[in-house]
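Q: only geometry, no sequence info:
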């Protein structure tokens, strides 16, 4: 009996083993340990939502995020321990100007070192172009030289992608570029047929992937556009799922009226609107910020979709064109320079430049000659003047600042690059804290080497985004780190109606930034601007590592990020009405 009992026990054990083996043999293959392309382990996860961070992991498979959470299962072909560092969505540069710099250096190094993964180009656009516009682009090139071998905005974006670039890129189509295409550079208004042609060009660019329509209303010939023209083009953009984003008609003396015009265009078109580089320019206008904030927040409360972006400095940067009246610039750069050679015209220009209540946006008047820092010249003989103020150059030459400004434009054959000190640091701090404001550099994306060293720069090109994290979060405690990251990533992505970008979420594109909140720092100054930021260690763009241990890999990780009406996607194409799109408030 004992032997029989033992035999039964053995039989039972064998049976259990057989069942176990059979179960293991029939187990699905995915029960094996997961293997990912990349696992970023033990970081402080800031997912872009604005919520408090937590310690956790992020995994990447291909160009997508596969997991965000406390502990990633499985193993990675590449694993990185980032203990104590922040892991965040890639940052969005809401107003970027690397249109030319990317053609010669696809790394966008100054921005990549700050964690920027998407460059959104605006104000002007690289298409649609006429043959005359192409010729003018070649003639007016400065230090960076390139062939203009495209016609449409879509062709330009495809050229960048074929070339191989590190950042993602996107673009608005410029109302000013469209106006020049159809009307030239004169002070004229479009006929009904010409306006239809302009709308058609906007629609074409939107179906090529533009994110919306943009303006630059203080510059010639774009300042000639009246509100109904802008509403018509914004309406076309809205029908194509895009927004209206504006360098407004005034940021100083007529700031309140310009904000109201932007709100009115948003209401009339049904499309969202955004204010580029929100500011109150000129000390006499600093107190208007309260009114502007009230205007925007009242409009938002009434259901108007309106937001803004900004750069984190008290000086802007543009040219000497904003120091002179529009009438002298009519017809373009060559005609402007020719007029400035006429003594009688110069006398009239000086009188207008000194008018205490100009009808146009006289930025030089608000900054003053001592607050106008010369940055960029084409003429090699003038390059030594970079870094001096207009006041200093005028005194060196024994002429008035107005005469010096006109002479420099003539001698350089360009509008001359200038930084204007216009804003209040107190206002900058207030704007940083506004929940509906994101960030844009309003600059190109250079590197501290080669052709880029031939001119000076505004420090915002190298420091705008890291300055948010270093100065306004860590040092001044204006906002929390999680709120700053939301405003650098999710907020602009939502405003642009981008799918699967701007947050750390399963299935989103793997645009990921790792940085040290304790050491991240901008170093660029007005005196020494070509200095890269530090503290951003690793950046992935579409799952490819573009920055490793603070060094650019040079991988062609970037893509064109196209708008919702891009015809190359299954549900592409414009609609009959902007209300047929879903908009995020």
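A: Alright, I've got the coordinates. Note that the coordinates shown come from a computational prediction; the quantities given were computed from them, not determined experimentally.

Q: and residue 424, what does it touch?
A: The contact partners of residue 424, by Cβ atoms under 8 Å, 6 or more residues apart in numbering, come to 280, 283, 286, 314. (Each C-beta comes from the backbone N, C-alpha and C, glycine too.)

Q: if you set the cut-off to 10 Å instead, what comes out?
A: Neighbouring residues of residue 424 by Cβ atoms under 10 Å, 6 or more residues apart in numbering: 279, 280, 281, 282, 283, 285, 286, 287, 289, 314, 430.

Q: Now distance to residue 100 too, for the residues you listed, in JSON lines please.
A: Shown next, in JSON lines, are the contacts of residue 424 (distance: Cβ to Cβ, whole Å):
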{"residue": "279", "distance to residue 100": "25"}
{"residue": "280", "distance to residue 100": "30"}
{"residue": "281", "distance to residue 100": "26"}
{"residue": "282", "distance to residue 100": "30"}
{"residue": "283", "distance to residue 100": "33"}
{"residue": "285", "distance to residue 100": "32"}
{"residue": "286", "distance to residue 100": "33"}
{"residue": "287", "distance to residue 100": "37"}
{"residue": "289", "distance to residue 100": "33"}
{"residue": "314", "distance to residue 100": "26"}
{"residue": "430", "distance to residue 100": "33"}
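
Q: now, which of the residues you listed lie within helices?
A: Secondary-structure check on these using DSSP state H: residues within helices are 289, 430.

Q: Just the buried residues of the contacts of residue 424.
A: Burial of the contacts of residue 424 was assessed by neighbour count (16 or more other Cβ atoms under 10 Å); the buried members are 279, 280, 281, 282, 285, 286, 289, 314.

Q: give me every residue that touches the fourth one.
A: What it means is residue 282. Going by Cβ under 10 Å, 6+ apart, residue 282 touches 251-253, 255, 288, 362-363, 365-368, 371, 420, 422-424.

Q: quick one: it and residue 364, what's the gap?
A: Per Cβ to Cβ, to the nearest Å, residue 282 is found 10 Å from residue 364.

Q: One more: the second one?
A: For residue 280, the distance to residue 364 (Cβ to Cβ) stands at 17 Å.

Q: Quick one: distance of stretch 412-426 to the chain centre.
A: Going by Cα atoms, centre = their mean, to the nearest Å, the spacing between the C-alpha centre of stretch 412-426 and its chain's C-alpha centre is 19 Å.

Q: Stretch 156-163 too?
A: Counting by Cα atoms, centre = their mean, stretch 156-163 is centred 18 Å from the centre of its parent chain.

Q: before we move on, what about stretch 507-523?
A: Relative to the mean C-alpha coordinate of its chain, stretch 507-523 is positioned 17 Å out (Cα atoms, centre = their mean).

Q: Make residue 1 into 690 and carry on from there
A: Fine by me, first position is 690 from now on; the one you just mentioned is stretch 1196-1212.

Q: all helices of the stretch 1040-1189 of the chain, in order?
A: Counting by DSSP state H, counting those that start in this stretch, the stretch 1040-1189 of the chain has helices at residues 1052-1056, 1079-1086, 1090-1101, 1114-1122, 1149-1156, 1170-1177, 1179-1184.

Q: For burial, what's the neighbour tally of residue 913?
A: Other residues within reach of residue 913 by the criterion other Cβ atoms under 10 Å amount to 18.

Q: Check whether residue 1055 really touches residue 944, as I assumed.
A: No. Shown here, residue 1055 and residue 944 do not form a contact pair, counting by Cβ atoms under 10 Å, at 11.0 Å.

Q: longest strand of the protein?
A: When every strand of the chain is counted residue by residue (DSSP state E), the longest turns out to be strand 724-734.

Q: Quick one: low-confidence residue ranges for the stretch 990-1139 of the chain.
A: In the prediction, the stretch 990-1139 of the chain carries no residues with pLDDT under 70.

Q: my bad, the stretch 840-989 of the chain
A: Using pLDDT under 70, nothing in the stretch 840-989 of the chain is flagged.
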